[in-house]
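Chemist: give the three-dimensional model of this entry:
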Amino acid sequence: MSMLEIRRLGKHYGPKTLFEDVDLNLGERQRVALLGSNGAGKSTLIRMILGQEQPDQGEIRLRKHLRIGHLAQELHPSSNRSLRDEVMRLDGRREEILLAKKDCEEQMALRQDESLLKEYARILEEYDRLDEYRLPARAERILEGMGFKSTDFDRPLSEFSGGWLMRAALARILLLGPDLLILDEPTNHLDLESLLWLEEFLQDYPGCILLVSHDRAFLNRLVESVWEIDHQKIRAYTGNLDDFLVQKEERLRMLEAQKAGQDARIAELRSFVERFGAKATKARQAQSRMKQIEKLEANRIEIAGPEREVGFGFPPCSQSGREVMFLKESGIEFPGRKLFSGLDWIIQRGSRTAIVGANGAGKTTLLRALAGKLPITSGSLRLGHGVQVGFYSQLQAETLDFRKTILEELEDAAPQLELSRIRGIAGAFLFTGDDIQKPIRVLSGGEKARVALARLLLTPHNFLILDEPTNHLDATSREVLLDALLDYEGTLCVVSHDREFVGPLADRLLEMTGSEAIPLVMNYEEYVKKKTSEARERVKPPSTPTKSEPKKEAKSSKPSNNQIIAWKKEIVERERRIETLEARLNEINDLLANGELHSDPSALRGLIEEQTRAQTELDECLLRWEELGTLLSGL
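Modeler: Numbers count the residues shown, from 1 in each chain. Alright, predicted model coming up:
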């Protein structure tokens, strides 16, 4: 069954056509990546699906009562709600249901009315679907997956920064569990641990998902279809991102072969017309061929030329000494918090270190210390001979001269480069055409960050320190940066959650745990595999503890005979209780169906509440019964 159908869809802005004659379907549990260059129309298509914008042609049909969750629903940082309460608001419907339930109960205490009883029964059904009893525990589990600590749950939203607010918005949508989940760059504000948790969570998500992301590894693990907006069309491909790239290449080769045949046929027909068009004996044949040419021209295969690739190389810089930086017994400590101490670390020339760890563990703080922007509080930190440091972070965007244009900033950084070359590099960082003449002061935060990155990379440095350099880049810009860094002959320290970016670059790892800095003896691929396994365990819902649940013995990997006997006894008890609860629920359903209790509001309300309690207990019994079955089957 289709969750969403798009039929002959078209959208235009003045003379510009985004796409036309689009036909697509989104099925149940389907995972789709929406791809396209900046400005191709991804956001416009999402707005039309949400009903925020209307198509110029065609229509979008949504399944009746389809619930949609969209990441762009922003939280208000001025809200006095706690983090937990805001996430548990879901889409606002929970508050409405709780208020309606309370109002109905107050009215039922004053009067008896059959229509009121029916309304109360309907409200309780919706209340039951909220899974209210388990909602706080589910909310906390998702918040922990997003990287929040338990001490954050009761903090007001106004205390969190924009990145953490976006995590909270994502947590709220995941808790809502909509039928269609639309996520626009969901990984931008996540560290590796939270990103891997999200991947594992979405693997088993029961609804369908529409994803916009530049994270190739993320898309490859999750999607089974790709919708690409390209040259005014949206084409659907089967498979993940790697499959899409292969299929697109094959499609282009086929089109090129068809176009070559078409061009040859047109040339052959034109040749005939030119040779015999003036001869009376051949006039009819020439006219026939002219009609064939017109028909072929009307259906001419057009293939867009390849996008102009921008090659980028770092400007030459003198070589540093063999040891780029020395840290001896170094540490950083703030009042009430020690990030690390006793770190002995020598950064060797030409090394490429990825600094890893959860958000808040101190990665950015360490980078700032390496760049000389922040002093260490213990030990020593010393630069080697001839080291020229280049530092990039989101905060560097604020060091730009707001009176200048983008072009002027880049020209100041590389006055020796030709204008055409500077324009090409600006284009690689998504500033094309007249955009390059925009004043810095009118740019968004993401645009300023891209200018700061482009400026840094145009300036000679032999030691680069980069903090999340890919956050505001599209796939093409990211590839330009990665290729340039792979050819870079200097020393590199980088913090990034982008696995496809870090993987080819890093040859050593330093992990920040929040209390210490530890050089790791594993490669990045092994580190990601370890973190993925940990994320998989964190996604699993906690088992329900019971009195008869045996205690785990630390030294024994095999359960004792007493444990096995206890499990077998408990599974029999659970089966009996499940039978009792199912029988009682059938009785309650029969009583509610025959309508005899509608004249007794108090009895009806009590019966409905008993139904809710029985269903909750039945769910818990079934969960524990399955756990016991798994334990016993593994013996």
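Chemist: touching, S380 and F326? I think so.
Modeler: Yes - the pair S380 / F326 is scored as a contact, 7.4 Å apart, by C-beta atoms under 8 Å. For glycine as for every other residue, the C-beta is placed from the backbone atoms N, C-alpha and C.
Chemist: ok, the two, which is more surrounded?
Modeler: F326 (15 against 10; other C-beta atoms under 10 Å).
Chemist: wait, is the more buried one part of a strand?
Modeler: Yes - per DSSP: H, G, I helix; E, B strand; the rest coil, F326 lies within a strand segment.
Chemist: now do the same contact list for it.
Modeler: I346, S380, L381, R382, G384 (C-beta atoms under 8 Å, 6 or more residues apart in numbering).
Chemist: so which helix or strand takes in L18?
Modeler: strand 16-27 (DSSP states H and E).
Chemist: who's in contact with that strand?
Modeler: By C-beta under 8 Å, 6+ apart, strand 16-27 touches 1-12, 32, 40-41, 44-45, 57-58, 180, 208, 210, 227, 229, 232-234, 236.
Chemist: among those, which ones are buried?
Modeler: 3-4, 6, 9, 11, 32, 40-41, 44-45, 58, 180, 208, 210, 227, 229, 232, 234 (16 or more other C-beta atoms under 10 Å).
Chemist: surely D507 touches S351?
Modeler: Yes - here D507 reaches S351: they are 6.5 Å apart, a contact under C-beta under 8 Å.
Chemist: was I right to think L581 contacts A614?
Modeler: Yes - counting by C-beta under 8 Å, L581 does reach A614; the two are 5.4 Å apart.
Chemist: and the two? which has more neighbours close in?
Modeler: L581 (20 against 17).
Chemist: quick one: list the elements packing against the lengthiest helix in the chain.
Modeler: Ranked by residue count and defined by DSSP state H, the top helix of the chain is helix 241-276. Counting contacts by 3 or more C-beta pairs under 8 Å, 6 or more residues apart in numbering; DSSP states H and E, helix 241-276 packs against strand 31-35, helix 216-222, strand 225-230, strand 233-238, helix 283-298.
Chemist: okay if I get those as a markdown table plus distance to G321 and mean pLDDT?
Modeler: Compiled in a markdown table, the helices and strands packed on helix 241-276 are given as follows (distance: least, C-beta to C-beta, whole Å; pLDDT from 0 to 100):
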| stretch | distance to G321 | mean pLDDT |
| --- | --- | --- |
| strand 31-35 | 45 | 94 |
| helix 216-222 | 36 | 92 |
| strand 225-230 | 48 | 93 |
| strand 233-238 | 51 | 92 |
| helix 283-298 | 67 | 84 |
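Chemist: quick one, which of those is nearest to A603?
Modeler: strand 31-35 (47.4 Å; C-beta to C-beta).
Chemist: how many degrees apart are that closest one and strand 16-27 in direction?
Modeler: 170 degrees (axes from the mean of the first three to the mean of the last three C-alpha atoms, to 10 degrees).
Chemist: ranges for the strands of the stretch 101-250 of the chain?
Modeler: 180-184, 208-212, 225-230, 233-238 (DSSP state E, counting those that start in this stretch).
Chemist: oops, could you answer that again for the stretch 401-550 of the chain instead?
Modeler: Using DSSP E, counting those that start in this stretch, strands in the stretch 401-550 of the chain cover 463-467, 491-495, 508-512, 517-520.
Chemist: nearest to Y133, of the ones you listed?
Modeler: Short answer: strand 508-512, nearest of these by C-beta to C-beta, at 38.4 Å.
Chemist: show me what that closest one is packed against.
Modeler: So strand 508-512, by 3+ C-beta pairs under 8 Å, 6+ apart, packs with strand 337-348, strand 352-356, strand 517-520, helix 524-539.
Chemist: tell me the contacts of V528?
Modeler: Per C-beta under 8 Å, 6+ apart, neighbours of V528: L192, L196, R499, G503.
Chemist: for PyMOL, what selects the buried ones among the residues you listed?
Modeler: To isolate the buried members of these in PyMOL, using 16+ other C-beta under 10 Å:
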select buried, resi 192+196+499
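Chemist: so what are the domain limits for the protein?
Modeler: With domains defined by automatic domain parsing, the chain comprises 45-244, 323-537, 561-633.
Chemist: present those as a markdown table; the columns should include distance to D23.
Modeler: Listed next are the domains of the chain as a markdown table, based on distance: least, C-beta to C-beta, whole Å:
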| stretch | distance to D23 |
| --- | --- |
| domain 45-244 | 8 |
| domain 323-537 | 26 |
| domain 561-633 | 41 |
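Chemist: flag the shaky bits of the stretch 451-600 of the chain, pLDDT-wise.
Modeler: 541-560, 562-563, 592-599 (pLDDT under 70).
Chemist: kindly apply the preceding question to the stretch 201-350 of the chain instead.
Modeler: If you take pLDDT under 70 as the line, the stretch 201-350 of the chain has these spans: 304-312.
Chemist: how many residues are close by the closest residue in space to R499 that isn't next to it in sequence?
Modeler: In this structure, R499 finds its nearest non-sequential neighbour in A217, 4.5 Å apart by C-beta to C-beta, 6 or more residues apart in numbering. Using other C-beta under 10 Å, A217 has 19 other residues around it.
Chemist: with the one 5 residues further on instead?
Modeler: Residue neighbour count, defined by other C-beta under 10 Å, stands at 22 for L222.
Chemist: what's the answer for D590, then?
Modeler: Counted with other C-beta under 10 Å, D590 comes out at 9.
Chemist: just D619 next, same as before
Modeler: 15.
Chemist: same question, E323
Modeler: 15.
Chemist: for it, list each beta-bridge partner.
Modeler: Q348 (DSSP bridges).
Chemist: contacts only, for it.
Modeler: So E323 contacts I346, I347, Q348, R349, G384 (C-beta under 8 Å, 6+ apart).
Chemist: who's in contact with the fourth one?
Modeler: Read it as R349. With C-beta under 8 Å, 6+ apart, R349 has these contacts: Q319, S320, G321, R322, E323, V324, G384, T491.
Chemist: between the strands of the stretch 101-250 of the chain, which gets nearest to G606?
Modeler: strand 180-184 (37.6 Å).
Chemist: now R300: phi and psi?
Modeler: Per-residue torsions, R300: phi -60, psi 130 (degrees, to the nearest 10).
Chemist: revised request: answer the last question for K373.
Modeler: According to degrees, to the nearest 10, K373 has phi -90, psi -10.
Chemist: start at 37, not 1
Modeler: OK, 37 is where the count begins now, so the last one is K409.
Chemist: any idea how far the closest residue to it other than its chain neighbours lies from E141?
Modeler: Leaving aside its sequence neighbours, K409 sits nearest to F427 (C-beta to C-beta, 6+ apart; 6.9 Å). Look at F427 and E141: by C-beta to C-beta, to the nearest Å, they are 61 Å apart.
Chemist: who has more neighbours, these two?
Modeler: Counting neighbours by other C-beta under 10 Å for F427 and for E141 shows that F427 has the greater number, 20 against 13.
Chemist: which other helices and strands does the helix or strand the more buried one falls within contact?
Modeler: Using DSSP H and E, F427 sits in strand 425-428. Counting contacts by 3+ C-beta pairs under 8 Å, 6+ apart, strand 425-428 is packed against helix 399-406, helix 481-493, strand 499-503.
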